[in-house]
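A.B. asks: Okay, sequence plus prediction incoming.
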There are 8 protein chains.
Amino acid sequence: MRDILERVADGTLTPAQAEAELRGHARNDAGRFDAAREGRTGIPEAVLAEGKTARETATMVATSVETTGHALATRVVREQAEVVEEHLADEHPEASLEYDDRARTLVAHAPDYEPPELAATVGVVTAGTSDAIPAGEAAVTAGEMGATIERVDDVGVAGIHRLFDSLDGIREADVLVVAAGREGALPTVLAGLVDAPLIALPVSTGYGHGGEGQAALDGMLQSCTPLTVVNIDAGFTAGAQAGLVARAVSAARTGE
Amino acid sequence: MRDILERVADGTLTPAQAEAELRGHARNDAGRFDAAREGRTGIPEAVLAEGKTARETATMVATSVETTGHALATRVVREQAEVVEEHLADEHPEASLEYDDRARTLVAHAPDYEPPELAATVGVVTAGTSDAIPAGEAAVTAGEMGATIERVDDVGVAGIHRLFDSLDGIREADVLVVAAGREGALPTVLAGLVDAPLIALPVSTGYGHGGEGQAALDGMLQSCTPLTVVNIDAGFTAGAQAGLVARAVSAARTGE
Amino acid sequence: MRDILERVADGTLTPAQAEAELRGHARNDAGRFDAAREGRTGIPEAVLAEGKTARETATMVATSVETTGHALATRVVREQAEVVEEHLADEHPEASLEYDDRARTLVAHAPDYEPPELAATVGVVTAGTSDAIPAGEAAVTAGEMGATIERVDDVGVAGIHRLFDSLDGIREADVLVVAAGREGALPTVLAGLVDAPLIALPVSTGYGHGGEGQAALDGMLQSCTPLTVVNIDAGFTAGAQAGLVARAVSAARTGE
Amino acid sequence: MRDILERVADGTLTPAQAEAELRGHARNDAGRFDAAREGRTGIPEAVLAEGKTARETATMVATSVETTGHALATRVVREQAEVVEEHLADEHPEASLEYDDRARTLVAHAPDYEPPELAATVGVVTAGTSDAIPAGEAAVTAGEMGATIERVDDVGVAGIHRLFDSLDGIREADVLVVAAGREGALPTVLAGLVDAPLIALPVSTGYGHGGEGQAALDGMLQSCTPLTVVNIDAGFTAGAQAGLVARAVSAARTGE
Amino acid sequence: MRDILERVADGTLTPAQAEAELRGHARNDAGRFDAAREGRTGIPEAVLAEGKTARETATMVATSVETTGHALATRVVREQAEVVEEHLADEHPEASLEYDDRARTLVAHAPDYEPPELAATVGVVTAGTSDAIPAGEAAVTAGEMGATIERVDDVGVAGIHRLFDSLDGIREADVLVVAAGREGALPTVLAGLVDAPLIALPVSTGYGHGGEGQAALDGMLQSCTPLTVVNIDAGFTAGAQAGLVARAVSAARTGE
Amino acid sequence: MRDILERVADGTLTPAQAEAELRGHARNDAGRFDAAREGRTGIPEAVLAEGKTARETATMVATSVETTGHALATRVVREQAEVVEEHLADEHPEASLEYDDRARTLVAHAPDYEPPELAATVGVVTAGTSDAIPAGEAAVTAGEMGATIERVDDVGVAGIHRLFDSLDGIREADVLVVAAGREGALPTVLAGLVDAPLIALPVSTGYGHGGEGQAALDGMLQSCTPLTVVNIDAGFTAGAQAGLVARAVSAARTGE
Amino acid sequence: MRDILERVADGTLTPAQAEAELRGHARNDAGRFDAAREGRTGIPEAVLAEGKTARETATMVATSVETTGHALATRVVREQAEVVEEHLADEHPEASLEYDDRARTLVAHAPDYEPPELAATVGVVTAGTSDAIPAGEAAVTAGEMGATIERVDDVGVAGIHRLFDSLDGIREADVLVVAAGREGALPTVLAGLVDAPLIALPVSTGYGHGGEGQAALDGMLQSCTPLTVVNIDAGFTAGAQAGLVARAVSAARTGE
Amino acid sequence: MRDILERVADGTLTPAQAEAELRGHARNDAGRFDAAREGRTGIPEAVLAEGKTARETATMVATSVETTGHALATRVVREQAEVVEEHLADEHPEASLEYDDRARTLVAHAPDYEPPELAATVGVVTAGTSDAIPAGEAAVTAGEMGATIERVDDVGVAGIHRLFDSLDGIREADVLVVAAGREGALPTVLAGLVDAPLIALPVSTGYGHGGEGQAALDGMLQSCTPLTVVNIDAGFTAGAQAGLVARAVSAARTGE
C-alpha cells in the first residue's frame, strides 16, 4: 500500500488511479449488481429468482444486461421466465434470452456481448433425474463463464455399471461437478476413479432422517476419498468454482 | 388365551403348564440373565463389558455359563479379558474361553454345551480396517448362533475394484452384514449388486461434521438401494438379526 | 475376472457373453427403469409418485409394465391413481391395475406377467391406524415379490393385551415388519417375544420434540432388544428387505 | 398486598412481620442453602456433589445439617462420601449419616431432626440395572420427604412377563417414577396399565444415534400413553415431584 | 398369575372371569376406542382432530359417546366442530355438545352419562394469550376427569408483579399445569413459590433458534427448580396427568 | 478515501500519515497482539489461556505488557497463573500482576501504565455460584476498560425474593451483564424490571438435554423481554461490549 | 423493602403509594398492554402482527394508542396495514399512522402524544437487500424510542470496498445494529473497525445446511471480534436494546 | 468395455492387459496401501496417525515408503514422530524423514524417490495461529504432490488491513486453501477479492454453540461469495484437491 501512496505523492499516480488500484474495482451505480465483481472474481453476478416476484426478477435481469452485457438468473420457474421474456422484449428487444427448464436457469446476452471462451471442460455428472436442477444450474453457470460442458447423467451407484461405462467421457473433463441426493455416494465412488479436481454437489432429495440432502452433504464431507463440497442444491456455487478451475487451466493452456 | 384357560378349567392343563404356556418362558433366578430369552427369541443374552469393571464382567460371564451353558461378552478390552479368564479358571476350570481381540468379544462354553449349527452362511463385509470391531462383534454373535461366517474385508468404495473382485464370495452368503464408517457408502453400493438381505452397520469413524458414524448412519438410512440398518457400532444387533435370518433359512433348508 | 477374460481369449465365451457376465445385468434402453436391477437384486423397481405429476407417474408405470411386465408405484394419491388408470387403459388395455388406498400403492400386471410365488410369509404389524400407509407399502412390496402377507393391526403398546392376543398369528411369519410412530415402542416389545427376524419401520407421527417419527426412529435404533431399522416411512425398503428374507427362506424350503 | 400494607399502616402488623409475610420466607445467612425454600416448596435443598470437591461437598452438607436439621447430597462418589463422613464426624459427631452407593446419595440427620412421615407411597420402577443411580436418587429424595418407597426393579420390556408379574405391587403406589434408558419404552407400556400419576425418568444409557438417554427422553415426550417427564438422569427432580404428589395425597388422607 | 389359574382349576373362577381379571379390561368391538382404557388408566380416550377430516372426527366422537357415554376431542377447528355438531344432532339428538374455541376442544355427553366429580382442584396457569390452546386443552381434559379447574392467565415473567398478585389463588390448587412459550421461564419461577406438584407445558411460540417451543421445552427440562414436563403443546397429556393427581388427592380426601 | 489521497497528492499528508489514516492503526511486529486493535475498537486484546501451555501464556502476557502496557488473560488455571507470575517477575519485575481465581483471569500492568477510568458503572449479576467464572471474566474485562463494577450474586429465580431485594443496586448500573446457566431465566426476568441495556451471558451448567448451557442460550435468544446475548461462557465478550456501552455513556457524561 | 414498610408504618407513605413503589408500575386494565412496562423498561410494547388477523392487529393498535398514546406494530403485511388504517380512522380519526413497507412496521401516534427525543444516534447497517425487514424493524423501534437513525445499506463483505467507503458515517453512531444473513460475516468484520457497542442481527436467509439464518446466528455467537447478538430476525429486540443504549448515552449527554 | 473384450477375443490384448485396463490399476499386496490409488487419482495415500499407536504408524509409514517410494502421515504428535524416526532408521536407513510440528505431518522419501514437480502454486492462507495444524496439513499434502506453496498467515478479519496488505501475494496463487475457525469469515471475504478457485477449510476452534468449527463450516457453506468447502480440520482433503487443481494447471502450462 505504501508504494501506491508514494506514487500518488510523487505524482506518478493520480488520486483516482490510486483509488481504483487500492480498491481493485469501480463502483456501480445500479447498486444491486456489483458489476465490478465479475472483473474482480471472474464469476458473474447471478439473480436468484427464488423468493422474488416475476417483476423483480425481470427488472434485475434487465439491469444486469445493461450493466454487464449479460445476465444469469437461477431458480426461475416457468411463470417468472415468461414475465422476464416480455419485459426484456420491451426493454432490450435485440437481446437474446434462453430459458433452460431442466436447470431452471435463464441467460440473456446483449447483442454486442462477447461471451468468454475457455479452452477447458467442466464435467457435470448426476446420480439420477432428481439431480437435474442443481446440476443444470452448475452447468449453465460454468458454461456462461466460457467452459465447455460435458454432461453425464443417471450414473448413480444403485446401477454402478452405468458409471463404469461412462468413465472414459468423465475422465476427459478438467474438473468435475458431481451431483447426488439421498445418501450421496456417487462423488465418493467417482473421486476414487478419476484424477481431476472434483466438487460434490448434494441435492435436496430424500425424506425422513437425513432427508432434504442432509445425509448427502454429511456423507460428502465425510467422504473417504478427497473431494470438496458445496451446500445442498448450491449449483451456482459449484458451477462458479468449477468455472474458475476451468479458467485457470484454460489460461495456462493458452499461455495467457 | 380363552382356550388355554378353558383347558385349565377342564383339567387338561395344569396351572403350572398354563403359566408356562401363557408366558412362553420360565423365570430365571439369577435375574440378570434372562435365560429364557434365548429360547424365546433365538438370540443369546450378551454381556456388554463397556462401562463395567473387569470383575463385574467376569461374574456375569460365569453366571451366564452356569445358567445357559455358554456366554458371549462384547466390547471387552484385553485387561478385562484377562480378569475374566482368571475368574473362569477358578469357577469353571473345564469351560472353554476364547477372546477375539479384533472383535473385542469373548465366548465361553461349558464342557457339556452343544453349540447350535445352522445350514446357512452370514457374510460379514467391511470397508476398511477401522470397521473391524463392530464387524467382528457381528461375526462372533452370528457364529455363536450357529451360522457359518464368510468374512470379506477392506473392500471400501475408495478402491472399488477390490469389491468387484470379491463379489462371487459375497454372493454366496444367505444374508449380509456390511460395515462402513465415514460416509458409509459401501452397503449402498453392495445392495445394488446382490440379492441377499443386507444389514448395514455404521461404524463410529470420521471427525468433524457428521463424524463418529453419524454420516454413515444417515447415509444408510437414505440409501438409494433398499437395505436395513442398525445403530452406530451395533455389531451385536446386526449379528443377532443376521443370525435369525440364517436360522430361518437353515430351518427351511433342513426341513425343521 | 481373470477367468472370464481367459475364456474370452480362448473363445469359449463371446465378448457379448463376457460383457453380460462381467456386468451381471443387461442395459435397459428406457433408462429410467433399471430393469436389470430386479434380476440382480430381487427387488422390483418402484415408481415414487410423491413429487411427480400424475402424468409423469402414469408414463413411468406404463414404461415399467412394458419393460418388466409389471409395475409398483408408491405414495400415489387418489388423483394420481385415476390418471394412471386412464393412461394405462389407453396404452395397455389388457393390463390389470390395482390401487390400494390404505397403502397408497398401485400395482399393474401385463396380461402375460407371471408374478413370483414364495413359500414364505411376511408378517406386517402396526401399532395404530396412522401406521397404515407405510405398513401397507411394505405389505404390497413384499406381496409383489411373492410373499404371503399376514397383517396384524392396531396392537400398539398402549393396550398391550391386544398384542398378546395376536402373538400366535405373528409367530407364524418367517420375517416381520413392525410399524409404529410416536415413541415407537412396539417393535422393541415384540422383538422380545418372537424369534423371527424383525424390521422396525418408524412412522412420521407425533408433534413437538422428537415428532415426525424422529423419536420412533431413535428409539428403534436404541432398542434394548435386537432388531433392524429402516428410515421414517420407508415402507418400500422394509417390504423389499422382508421380501428378500422371504425369498431366501422360500428357496431353502423348496430346495431351489 | 394492599391488605398487608394497610395492616402495617394501622399498626396491626410490624414492618418486620410484613416483610416476612410479603416474602413468605426468611433470609438465610449461609447464602448457599435457601433454607426457606424447603418450607416454601416442600422440597429439600440438595447438594449436587458432581463437579464439587469432596471438601466442598462436606462443608455444604454440614451447613445444611446446621441450617435445616438435615442434608441430602446427590451424585456422591465413594471417595467424596468418605470425606463427608470424616468432616461430619468432626463437626457434628452426633448426626447420623447414610451413604447409598446404589443411588450415590448421602443423607444426614441432626440428632433432633424429626423426619417428615407421609401416609402415601411412591413406586420407583426400573427397566434394568443401569437405571439404578437415577432411580435410587429419586427414591432417596422422595423418602427424605417422608414417602414410603416401593421399589420394583429389572422389569424392562425386553422380558415383559416380569413386568406383568409385578403389576399388583406397582398398582399399590400413589404415584410412580419409572426409569429407563436406551429406547425408554417401559414408562409408555406401564402408563397404559396403571391409573396412578406417572413420572418418566430417562437414563443416560445407549451409544450411537440417540444415545446417552436422548432416545429415551424423546420417546417419553412422544409417549402414546399420557405421562410426565423429567430430564435425563434427573432422579432428584423426579423424586421431588413424586414426593409432592405423595404429600398432597397424604395431607388429603390424614385430613391435614 | 398362579393364583388366578389355580382358582380356575378349582372352579372358583370361570374362564371368562379369569380372562377379564388377567387382562384387567374388556375388548371393545369398535376397535378404535379402547373403552377399557379409561377404566384401566383413569384417563378418557381423546379424539385428536388434527389431521382428520371433519367427517372422521364426527364419526369417532359419535362412537365414543356410544361406547363410553362421553367424548373428548382436541385440536378441533371451528369447521370441524360444526360438522361434528350436525352429525351428533342426527345420531344422538339428546346428547349434549360443548365446543370451546379458546381450547379448540369439544366435549359430548350422552343424556345418561354421569360425569365424575373430584374433590380436588387443578390450577391451569398461562404466561400469555398465545398459550391459550394447549392450556385450554389441559383444563378441559382435567375437567372432564372431574377436577375443579382454577384458571390464572397472562402472568408471564415479563410483568412479574401480576404473578405475585395471583399467587394466593394459585396456591389453592392441588396440582398445577403451567403453560409458557418463548423462553418458558414461568414454570421455573412459579415452582420456586409453591408446594404443589407442577407440570410444565411448553407452547410452540417463538421463531428463529429455539423457536416453536424448543427453547421452552429445553428450559423446563433444565429448570433450576424441580418440576415435570410434557412435550410441546401436549395439553391433553398435561391435563390427563394433572387429573390423575387430582383423582388420587380426591380419593384420599373422600376416603375412597 | 478520495480526500485522503488528494491530500497526499497535494502534499498536505505524508504517505505514512495517509497509510495510518487509511488503516486506522499501525502494524505490530509481535504479530500476535494486534496492539492497534485496542485503539481502534476500545477493547483490549486478551490472551485465552485455555488450550495453551503455561509457558505460552506467560510469553504472550509478557509481550502484551511490552506492547500495550498491560495484559488481560482469561481462563487461566492456578498452575498457569503461577508460571506467568514467575516469568513476569523475571522479565518485567516492576509490573503488577493480579490473579482472580473466582474469575480465572489475570491482569498485569506495566509500572507506567495508566489504566482508563470511566464515569460509568457496569452491573454484573449472577444467578448462582456456578456462574462465577464467566461473570468474573466479564467483570474483570469491563473493569480493565475503566468501568466501575457493581457485583450482585446468587439472585437466581429459584429464590426470587433475593432478586427483588437487590433491585435498587442493580438499577444503578448503566449497563448490565446477567449470567445464568440451566434454564437461564434470570436475564429474562430482570430485563422486565430495569431500563438499562442488558447483555445475557449463558453459562455451561446443566446436564442431559439442553445441558452445557444450550437451554440457557436458547432461552435467552427467545426471551419474551428484549435483551442481547453472547455465546455460552463468553464472559470476555459480554464484558467487552458492556465496557463499550460504559465508555459511550462516560464520554457523554464527561463531555468528551 | 424495610425502608418503604417503615415509612408506611410511620405514615409518611400511604399504602397506595407504597404499593406503587414496591411494584414500580401500575396495573393496566386492558390486560394485553402492559402499559407500565414502557415506564419500567423504557421499551415500548409492540404488537406482533404475525399470526394475528388484521382485525386483531387493528384492535390492539387502537388499544395501545388509547392506553399509551402511541402504538408500534411489527411484521405487518400490507393487507393488515390497510385494515388497521380503516379501523384507526374510525376509532381515532385524529391519530397519525405510518406504515413502512420496507420494515413491515406500523407506527401510530395520538394527536397529543409527544414522542421522546434522544441526543444519540443508532446506526443500522445491512449487508444486502434481503436484510431490509429486520433491519427496518430495528430502525423503527429505536426511532420510536427517540433515537436518531443512521441507515447504511448494502455493504456486505462480498464487495467489501463499499463497507470501507461507508465507515466514516458508521463511526458516528453511538451504537450499531448490524444485520446480515447467509454466513453473517458483516458484524464480525465491522466490529473490528469501530469502537461503538455493536448488536449483531442475523437474518433468515440462505437455504440448505445452516440456512434460514442459523449459520449467521452461529457465526455471530462465534465472532472473533466481541459483539452481542439477538435471535434470527429479531429486529425489534435489536432496536429496543440499541434504543436503551442511546437513551443512556443521551441522558449522560444532556445531564439528565 | 466391449472394445477391450473384443481385442482380447482377437488376441490383440492379453487377458492380463485387459484386466489392468479394465481396472485401471494394479492390486497391492500390502493391502493397506492402495498404492495404485496414487496413480489413479493423483493423490498420495496418507497415514492418519490419530487413533493409531506410534508403532502402528511407524509400520505403515515404512510400508508406504517400500510400496510407493514415499510416505505422508498426518496428525502425528511428537511422541509418534520419534518412534517413526527410530523405526525408519532401522528399516530404511537411507530414507529421508521430515516432521513438521506446526502441521503435525511427517514426510518420508526413499533415496531413489523422485518427487513430482508442478509448475503451479497453491496459496495457503490462515486467519490465526490456531489454524496452523490443518493449514499446515494442506500445505504439506499439496507440496508432496509437487505444488509450490505460498503461505500467508494471521490475516483474519478481526484486523482486516493485514489481509489487504497481503492481497498481492495471495493473488499470485493458482488455487487457494483458506483456513479459519470461530465464525470462519475469512474465506468469504477473500473469495470476493480474488479470482482463483478457493477451498475453504474450517478449523475446530471456538466453544459454546457452534463451537468446534461447526459455525465456521456452516458459514462457509452459506458463504455469500462462491467457494468450495471441506470438513472441519480436513487439511489433507483441502490440500489434495488444491494439489489436483495445481496439477491440472501445471499440465496445461507445460503442455503435458
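C.D. replies: Alright, I've got the coordinates.
A.B. asks: Could you list the low-pLDDT ranges of the stretch 101-250 of chain A?
C.D. replies: For the stretch 101-250 of chain A, no stretch has pLDDT under 70.
A.B. asks: hmm, 90 instead?
C.D. replies: Across the stretch 101-250 of chain A, the ranges flagged by pLDDT under 90 are A:102, A:129, A:159-162, A:164-165.
A.B. asks: Now find how far off-centre stretch A:178-188 is within its chain.
C.D. replies: 19 Å (C-alpha atoms, centre = their mean, to the nearest Å).
A.B. asks: Correct me if wrong: residue A:65 contacts residue A:108.
C.D. replies: Yes - here residue A:65 reaches residue A:108: they are 5.3 Å apart, a contact under C-beta atoms under 8 Å. Where C-beta positions appear, they are placed from N, C-alpha and C, glycine not excepted.
A.B. asks: okay, and the common contacts of the two?
C.D. replies: A:71, A:88, A:92, A:95 (C-beta atoms under 8 Å, 6 or more residues apart in numbering or on different chains).
A.B. asks: Of these, which is the nearest to chain G?
C.D. replies: residue A:71 (17.2 Å; C-beta to the nearest C-beta).
A.B. asks: show me the contacts for the closest residue to that closest one other than its chain neighbours.
C.D. replies: Of all residues not flanking residue A:71 in the chain, residue A:64 sits nearest, at 3.7 Å (C-beta to C-beta, 6 or more residues apart in numbering or on different chains). Going by C-beta under 8 Å, 6+ apart, residue A:64 touches A:33, A:45, A:47, A:70-72, A:108.
A.B. asks: Going by distance to residue F:157, which of the residues you listed wins?
C.D. replies: residue A:47 (50.2 Å; C-beta to C-beta).
A.B. asks: Around the nearest residue to residue A:191 once chain neighbours are set aside, count how many other residues there are.
C.D. replies: Nearest residue to residue A:191, sequence neighbours excluded (C-beta to C-beta, 6+ apart): residue A:225, at 3.9 Å. By other C-beta atoms under 10 Å in any protein chain shown, the residues close to residue A:225 number 26.
A.B. asks: The one 10 residues further on now?
C.D. replies: Look at residue A:235: counted by other C-beta under 10 Å, it has 30 neighbours.
A.B. asks: Show me what from the stretch 101-250 of chain A comes close to chain C.
C.D. replies: A:129-130, A:154, A:158-159, A:161-162, A:165, A:207-211 (C-beta under 8 Å from any C-beta of the partner chain).
A.B. asks: Just the ones of those in helices?
C.D. replies: A:161-162, A:165 (DSSP state H).
A.B. asks: And the strands in chain A, which stretches?
C.D. replies: Assigned by DSSP state E, the strands in chain A fall at A:46-48, A:70-74, A:96-100, A:105-109, A:121-126, A:148-152, A:175-180, A:198-202, A:228-229.
A.B. asks: how close does the residue lying closest to residue A:103 once chain neighbours are set aside get to residue A:38?
C.D. replies: Spatially, and ignoring its direct neighbours in sequence, residue A:103 is nearest to residue A:136 (2.4 Å; C-beta to C-beta, 6+ apart). Distance of residue A:136 to residue A:38, given as C-beta to C-beta, to the nearest Å: 21 Å.
A.B. asks: what number of residues lie near residue A:180?
C.D. replies: Residue A:180 has 33 nearby residues by other C-beta under 10 Å.
A.B. asks: Pretty sure it sits against residue A:130.
C.D. replies: No - shown here, residue A:180 and residue A:130 do not form a contact pair, counting by C-beta under 8 Å, at 9.6 Å.
A.B. asks: what touches both of the two?
C.D. replies: Taking C-beta under 8 Å, 6+ apart as the criterion, residue A:180 and residue A:130 both touch residue A:203.
A.B. asks: Pull the contacting residues for residue A:219.
C.D. replies: Contacts of residue A:219 by C-beta under 8 Å, 6+ apart are A:183-185, A:188, B:183-185, B:210, B:215-216, B:218-219.
A.B. asks: oh sorry, the question was meant for residue A:235
C.D. replies: A:74, A:103, A:133-138, A:141, A:177, A:179, A:201.
A.B. asks: Tell me who's in contact with residue A:80.
C.D. replies: By C-beta under 8 Å, 6+ apart, the contact list for residue A:80 reads A:49, A:52, A:54, A:57-58.
A.B. asks: Need the per-residue pLDDT for the residue nearest to residue A:71.
C.D. replies: Residue A:64 carries a pLDDT value of 87.
A.B. asks: Domain map for chain A?
C.D. replies: Recorded structural domains for chain A (assignment: automatic domain parsing) are A:2-109, A:121-254.
A.B. asks: which one of these is the most hemmed in?
C.D. replies: domain A:121-254 (a mean of 26; mean count of other C-beta atoms under 10 Å in any protein chain shown).
A.B. asks: who in the stretch 101-250 of chain A is up against chain B?
C.D. replies: A:127-128, A:156-160, A:182-185, A:188-189, A:192-193, A:206, A:208-211, A:214-225.
A.B. asks: can you tell me which residues contact the residue nearest to residue A:54 when sequence neighbours are not counted?
C.D. replies: Leaving aside its sequence neighbours, residue A:54 sits nearest to residue A:83 (C-beta to C-beta, 6+ apart; 3.5 Å). Going by C-beta under 8 Å, 6+ apart, residue A:83 touches A:54-55, A:57-58.
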